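*Asks:* structure for the following, please:
(chains A and B)
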Amino acid sequence: MNAPTTSGGLSRRGFLGMTAAAATLPLLAACAPSSTSTAASTGGGSTEAIKFWDMQWGTTSYIAEAKALVAKYAPKAGLASPSYQSIAWTNFYQTFASAIASKTGPAVSSGSGYQAFQFAGQGAIAAADDVVSGLKKDGEFEDFLPGTFDFLNTKNGYVGVPWQLDMRVLTYRKPLLEKAGVGVPTDWDSLLTAGKALKKIGVVGFGTGAGTGSLLGGQTILGLMINNGGGWFDPDGKPDCVTERNIETLQFLQELSRNGIMDPAAISYTGANLNKDWLSGKIGMGFNNVPSVGTALGGTDILVASPLKGPHGDMGALYYVNNLMMYTNTPSQESSNAFLRWYLDNMKDYWQKGVISAIPVRKSIVQLPEFQKDANSVKAVEEWQPISKTFASMATKGSAAMNAIEGGTAFTTFSQQVVQGQSDPKTILETLQKCLQAAVIGT
Amino acid sequence: MTSRPSTSEADSVTTSVPGRDRSPVRARPASGGGATLITFVGPSILLLLLLNAYPLVYAVIQSLHHGTLLTTGPFVGLANFANAFSDPLFWGSLKFTLIFTIAGVFGSWVIGLALALLMRRKVPAVGVFKVLLLLPWVVPVVVSATSWNWLVATPSSPIPLLAHALGFGTVLFLANPALAAVTVCLFKVWISFPFMMLMASAALSSVDPTIYEAARMDGASAVQQFLYITSPLTARSTYISWVLMTIFCVNDFPTVYLLTGGGPLNATATLVVLAYRMVFQNFQTGYGVAIALLITIVLVAVAVALFRQIRKSVQ
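*Replies:* Purely as a prediction, here's the structure:
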């Protein structure tokens, strides 16, 4: 007896067989090696494109310019060409982590300040020592601002190469200081005096934000600690934040809070809340990222002050060395090296065309007329960069722990406690010390 | 009359079933039907295993290791779970999760039910009201959170200005830990009540209006009608809406994260937010996943308890 058939003439057995085959097909396809993984194992000399993932460092004009710049690269014979991919900042770490884990990540990328350290600890970063050696050999190493390579030099080599700086400098709105009848602060005492005067005219004298996603609060506090000869790490890179200088810094910040110079609402301020207050003239002074003064804050009357002198005569500030990194998952390490070197030599286009809001690391770019037009940025490079230190504070080298610390819960809680101004400074620092130690051990 | 039994009945029934007008049927041999069943159901089960069981098993493995997003890391046994129980942040988050869930479930239920009862009356332009009342639920939470942030975040925001004008001084809704917790709960109620209103409306529409007419003729007051007719007859739907809203609240990440990020000073951190922060900000993958698994266990327990309640109410 024949099996009943479907109306289309297909037998039930045949239909079942096709169903099973259809279900099996994706599984078999998933087991097949992909072209990427095959090519990745071929090593040097592959002509498969090397993926360059670039964070969105500016608006759409930046992305367009970045694509155009990468397209200009003409590799030498036998080396691979790059492919450009713009990456959004939203959940960027997950984007990178999942791609790296599945071997579909980039060969070269820009990224957050500590990203290279984080992935280097997991064996995913290719050291940039050859690129750095090439720069030294060609005499171009000296074109980089002093100290910018030190942060990236680990015991396993350079985890990346610097390409731009993110600086936290004191800014002020000139008309408001004039209205309050005070001069530009030069030290902590005059900062307090100016803050009190601004308070009298209903203006916040020390604008900051420690709410959701806003790291500025914690960065400002750490910046002032460095300004006072303190910081979170000792010269050996070990957590060391319960110090007299740090306690003194927190006491000073509490004084600002007690005097109403720091807005109590700042504990929950996002970046958007803070920008809104800057734009509406409610803030007279505060630490900011330099180029954002002219862009996000829209203030032609917002100026960069000279570095403050701490109560013991120290000078110092916080800055971030944004870097470009290479990954071990590349079709050709030689191609990655060649592209990275070319990129460093040609990235001046961004500043020449005004599509990026960042401080360049190369002196030759700083000297460009297009960059020299921005007096605030020039002041930041000339006066603030030489005295600035990284998150590593007293130490010079970065680490993966810093990524977990700055993006983590401890950093936010710490900055909110300080901005709130109600907890004992030493207790706050002791809690922070435990968190720093846990992060160092954990990573 | 002979009716064709369903597959399950055919497999189990071999004699006539008392009380049913059904001829005795013989169960088909299990072997032939079983093969067909496995062939049809197999791919679905396989997909379910791949999509659900694999991530769950991998999560359990991660929770027993001290790893990263890229590597599993060394085996640490139950240390991550033990850490959770000794972490004040975990207990603080658990406490706020309970507050947030209770406020979210019952706050939205009370408002939703009240509005559903109101909508049963003859209100002019009731359709327009229904659409307007659905807006908080329909609008993406990102937009709602931004709006609420604009309303309350800074001293110069509209609500703090209003509070100041009314003589309450400078009220910092998101900067004060207690007020921030209240604000987050209110936000949750605001975005959730339309769902409860829909559930209650559907349940109320299934109640026979003649029961109310009979009750009114017997002299029952409005309160008595609600307590002895509406409430018991909509109990099943109410319990289901509670189960669903409990799951929504416990698993709710965007509401809290977009408005306060869990702050200030972790006052509004729920367990889901804590798990996210541990995995993606502190890079403590094992610990974060362990917290997520604990949430799952608690949710399953709550759901089972509430479903038992539903079964009781039906009986």
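*Asks:* going by C-alpha atoms from here, please, whenever you check contacts or count neighbours.
*Replies:* OK.
*Asks:* any idea which helix or strand comes after the lowest-mean-pLDDT helix or strand in chain A?
*Replies:* Using mean pLDDT, DSSP states H and E, the weakest-scoring helix or strand in chain A turns out to be helix A:35-40, at a mean of 34. Scanning forward in sequence from helix A:35-40, with DSSP states H and E defining helices and strands, the next element found is strand A:50-55.
*Asks:* in its sheet, what does that following strand sit against?
*Replies:* For strand A:50-55, sheet partners with direction are given as strand A:82-87 (parallel), strand A:108-110 (parallel), following DSSP bridges.
*Asks:* mean confidence score for the first one?
*Replies:* So that's strand A:82-87. Looking at strand A:82-87 alone, the average pLDDT works out to 96.
*Asks:* need the distance between the two termini of stretch A:323-339.
*Replies:* As for stretch A:323-339, its first-to-last residue distance stands at 15 Å under the measure C-alpha to C-alpha, to the nearest Å.
*Asks:* tell me if it is near chain B.
*Replies:* No: if you take C-alpha under 8 Å from any C-alpha of the partner chain as the test, stretch A:323-339 misses chain B, and the best it gets is 13.4 Å.
*Asks:* what's the pLDDT at residue 6?
*Replies:* Picking chain A for this. pLDDT, A:T6: 36.
*Asks:* meant chain B actually
*Replies:* According to the model's per-residue confidence, B:S6 sits at a pLDDT of 41.
*Asks:* picking that back up, turn the strands paired with strand A:50-55 into CSV, including distance to A:F287 and mean neighbour count.
*Replies:* Converted to CSV, the strands paired with strand A:50-55 look like this (distance: least, C-alpha to C-alpha, whole Å; neighbours: other C-alpha atoms under 10 Å in any protein chain shown):
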stretch, distance to A:F287, mean neighbour count
strand A:82-87, 28, 19
strand A:108-110, 25, 26
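*Asks:* tell me which of those strands sits nearest to B:S231.
*Replies:* Between B:S231 and these, the tightest spacing by C-alpha to C-alpha is seen for strand A:82-87, at 53.1 Å.
*Asks:* element containing residue 61, please.
*Replies:* This is for chain A. With elements delineated by DSSP H and E, A:S61 resides in helix A:60-72, which encompasses its position.
*Asks:* you answered for a different chain; I wanted chain B.
*Replies:* For B:I61, the element it lies in under DSSP H and E is helix B:54-63.
*Asks:* just how off-centre is that helix within its chain?
*Replies:* Chain-centre distance of helix B:54-63: 23 Å, with C-alpha atoms, centre = their mean, to the nearest Å.
*Asks:* also stretch B:288-307?
*Replies:* When distances are taken as C-alpha atoms, centre = their mean, stretch B:288-307 is centred 12 Å away from the chain's centroid.
*Asks:* for that stretch, which positions count as buried?
*Replies:* If you call a residue buried by 16 or more other C-alpha atoms under 10 Å in any protein chain shown, then stretch B:288-307 has these buried ones: B:288-293, B:295, B:299, B:303, B:306-307.
*Asks:* so for that stretch, mean pLDDT?
*Replies:* Stretch B:288-307 comes out at a mean pLDDT of 91.
*Asks:* list the contacts of it.
*Replies:* The set of residues external to stretch B:288-307 that reach it, using C-alpha atoms under 8 Å, 6 or more residues apart in numbering or on different chains, is B:59-60, B:62-64, B:80-81, B:84, B:239-240, B:243, B:247, B:250, B:271-272, B:274-279.
*Asks:* what about chain A: which of those residues touch it?
*Replies:* Among the contacts of stretch B:288-307, the residues lying close to chain A (C-alpha under 8 Å from any C-alpha) are B:277-278.
*Asks:* among the contacts of stretch B:288-307, which lie within helices?
*Replies:* With helices identified by DSSP state H, the entries of those that belong to them are B:59-60, B:62-63, B:80-81, B:84, B:239-240, B:243, B:247, B:250, B:271-272, B:274-276.
*Asks:* about what we covered before: can I get the strands paired with strand A:50-55 in TSV with distance to B:S231?
*Replies:* Compiled in TSV, the strands paired with strand A:50-55 are given as follows (distance: least, C-alpha to C-alpha, whole Å):
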stretch	distance to B:S231
strand A:82-87	53
strand A:108-110	60
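*Asks:* out of those strands, which gets nearest to B:V223?
*Replies:* Distances from B:V223 to each of the strands paired with strand A:50-55 were compared by C-alpha to C-alpha, and the smallest falls on strand A:82-87, at 59.0 Å.
*Asks:* now do the closest one against helix A:60-72, angle only.
*Replies:* Relative orientation of strand A:82-87 with respect to helix A:60-72: 160 degrees, computed using axes from the mean of the first three to the mean of the last three C-alpha atoms, to 10 degrees.
*Asks:* give me the number of residues near the residue of the stretch 1-150 of chain A found nearest chain B?
*Replies:* When you check the stretch 1-150 of chain A against chain B by C-alpha to the nearest C-alpha, the closest residue turns out to be A:A101, at 5.3 Å. In terms of burial, A:A101 registers 13 neighbours under the definition other C-alpha atoms under 10 Å in any protein chain shown.
*Asks:* please name the nearest non-neighbouring residue to it.
*Replies:* The shortest distance from A:A101 to any residue other than its chain neighbours is 5.3 Å, reached at B:L70 (C-alpha to C-alpha, 6 or more residues apart in numbering or on different chains).
*Asks:* where's the one you found relative to B:Q284, distance?
*Replies:* Relative to B:Q284, B:L70 is positioned 12 Å away (criterion: C-alpha to C-alpha).
*Asks:* between the two, which one's more packed in?
*Replies:* Here B:L70 and B:Q284 are set side by side on neighbour count (other C-alpha under 10 Å), and the busier one is B:Q284, at 25 against 18.
*Asks:* which non-adjacent residue is nearest the more buried one?
*Replies:* Nearest non-adjacent residue to B:Q284, counting by C-alpha to C-alpha, 6+ apart: B:M278, 5.2 Å away.
*Asks:* repeat that for A:V159.
*Replies:* Distances taken as C-alpha to C-alpha, 6+ apart put A:A127 closest to A:V159, at 5.1 Å, once the chain neighbours are dropped.
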